[in-house]
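Visitor: Just a sequence and a predicted model for now, questions to come.
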Amino acid sequence: MEPNIVGNFCVKAIVNSPLHPLLGKNFAVITIEGRKTGRRYSLPIGVAREDDGIIAVSQIKGRTWWRNLRGDRIANLRVSGKQYTFRGEIVEGHEDVVAGLTSYITSFPRSAKSFGVRLDVPGQPNKEILNASRTGDHSTSPSLVSNVTRLLAGI
């Protein structure tokens, strides 16, 4: 087994159990339906709460689960021991991606390193590094586009 398969299994098991507080409020399991196959997928993701929903972030480069939320598709999310249904909204504009990632990193400062982002003020990500992705300067920051998805409540 690949290490991420084992890790995903363990995180999903904990999030879906009474032990979910061990991981904190920033881990969740999203269940989505494949656009082409119709198959249901459950994946661990990072989340941060916002006023109107949740920002969902994949900390592993190359993940494409978010594509299954195009076209206002529905997602189920298990976070903090509760099940929610959301409508997915892909965040693709650079300013919106930076705002979403800033919200996520502010809520979960330990995640900054995963994105190659330095914290300037306690819990505040360095805006210059986040904005470097706009010009494609990935020597200081990975590509941020496709890592941020907004899940909107009210379904």
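Guide: On my side now, so go ahead. Numbering: from 1, shown residues only.
Visitor: So residue 29 versus residue 14, what's the distance?
Guide: 9 Å (CB to CB, to the nearest Å). Placement of C-beta: from N, CA and C, glycine included.
Visitor: quick one: which of those two has more around it?
Guide: residue 29 (22 against 17; other CB atoms under 10 Å).
Visitor: Who does the more buried one form a beta bridge with?
Guide: Beta-bridge partners recorded for residue 29 (DSSP bridges): residue 44, residue 78.
Visitor: For it, which residues are in contact?
Guide: Counting by CB atoms under 8 Å, 6 or more residues apart in numbering, residue 29 makes contact with 11-12, 15-16, 42-45, 77-79.
Visitor: same deal with residue 112?
Guide: Applying CB under 8 Å, 6+ apart, the residues contacting residue 112 are 105, 118-119, 125.
Visitor: from the residues you listed, which would you call buried?
Guide: 105, 119, 125 (16 or more other CB atoms under 10 Å).
Visitor: The helix or strand hosting the first one - contacts with which helices or strands?
Guide: To tie it back to what came earlier, the one meant is residue 105. In this assignment (DSSP states H and E), residue 105 forms part of helix 94-107. With contacts defined as 3 or more CB pairs under 8 Å, 6 or more residues apart in numbering; DSSP states H and E, helix 94-107 has these neighbours: strand 40-50, strand 53-57, strand 124-125, helix 127-132, strand 148-152.
Visitor: Contacts made by the first one with the rest, please.
Guide: For strand 40-50, the external contacting residues (CB under 8 Å, 6+ apart) are 8, 11-12, 15, 25-34, 54-59, 63, 65, 68, 77, 79, 103-104, 106-108, 111, 150-151.
Visitor: Now do the helix or strand hosting residue 86 against helix 94-107, angle only.
Guide: Under the criterion of DSSP H and E, residue 86 resides in strand 82-90. On the basis of axes from the mean of the first three to the mean of the last three CA atoms, to 10 degrees, strand 82-90 is oriented at 150 degrees to helix 94-107.
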